[in-house]
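Student: Got a predicted structure here, sequence first:
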Amino acid sequence: MSRSQLAPGVEVVAVDGRGLAVRTPDGEFFRVNTGRADADALRSRLTGADLPGTDRELDRLVAAFAEAGYLTEDDTSAEDGTPTAGTAPAAWPAGRRHVLLLGDPALTEPLARLLRAAGAAPRAGTPGEDIAPDVAAVVWCLDGPVPPGLWDDADRLPERGVAWQRCHARAGRP
């Protein structure tokens, strides 16, 4: 049987009081109109969960994600349901493996685990350090408000061919 999985770079997120949104591989966010379908059930289906029964509305929404190119198929066609050969994620590009992670370990450590699982070679760094020539990307995560000017130097990294992603979570989250 084939089971849907979100494509690399695609994420479905719950937006407080507004339902679901999809983040595309290009970094754009789009609102997801779930209609009568249960949003949690849709998120489960889109991340590969097998849900009992059939729900035509969920099937329609999953098909729309597939048509938009936001899903890949995880072939679990072995009789016992275990994944068959060839279902591993695509290898991380060798020339872009090195990712420097800055900021709060509560945010960067889980990110590092996900990056390693995808084939990247993340390492923790410190703000202000010289960026090694083999670093392809810098991700700086803060758990709270961003002080003015903190990211000014990092905003110039793309001029040097280094991808740069910043994020912050609001303090006091559960």
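Tutor: Right, received. Where do you want to start?
Student: All the helices of this structure, residue numbers only.
Tutor: Taking DSSP state H to define them, one finds helices in the chain at 39-46, 56-67, 105-118.
Student: I'd like the ones you listed as CSV, with mean pLDDT appended.
Tutor: Compiled in CSV, the helices of the chain are given as follows (pLDDT from 0 to 100):
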stretch, mean pLDDT
helix 39-46, 84
helix 56-67, 87
helix 105-118, 85
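Student: any idea which of the ones you listed is most buried?
Tutor: helix 39-46 (a mean of 18; mean count of other CB atoms under 10 Å). C-beta coordinates here come from the backbone N, C-alpha and C atoms, glycine included.
Student: As a markdown table, the helices of the chain with distance to A124 would be great.
Tutor: Output for the helices of the chain, formatted as a markdown table (distance: least, CB to CB, whole Å):
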| stretch | distance to A124 |
| --- | --- |
| helix 39-46 | 30 |
| helix 56-67 | 34 |
| helix 105-118 | 6 |
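Student: so which of the ones you listed comes closest to H168?
Tutor: helix 105-118 (8.6 Å; CB to CB).
Student: Off-centre distance for that closest one?
Tutor: Put simply, helix 105-118 sits 11 Å off its chain's centre (CA atoms, centre = their mean, to the nearest Å).
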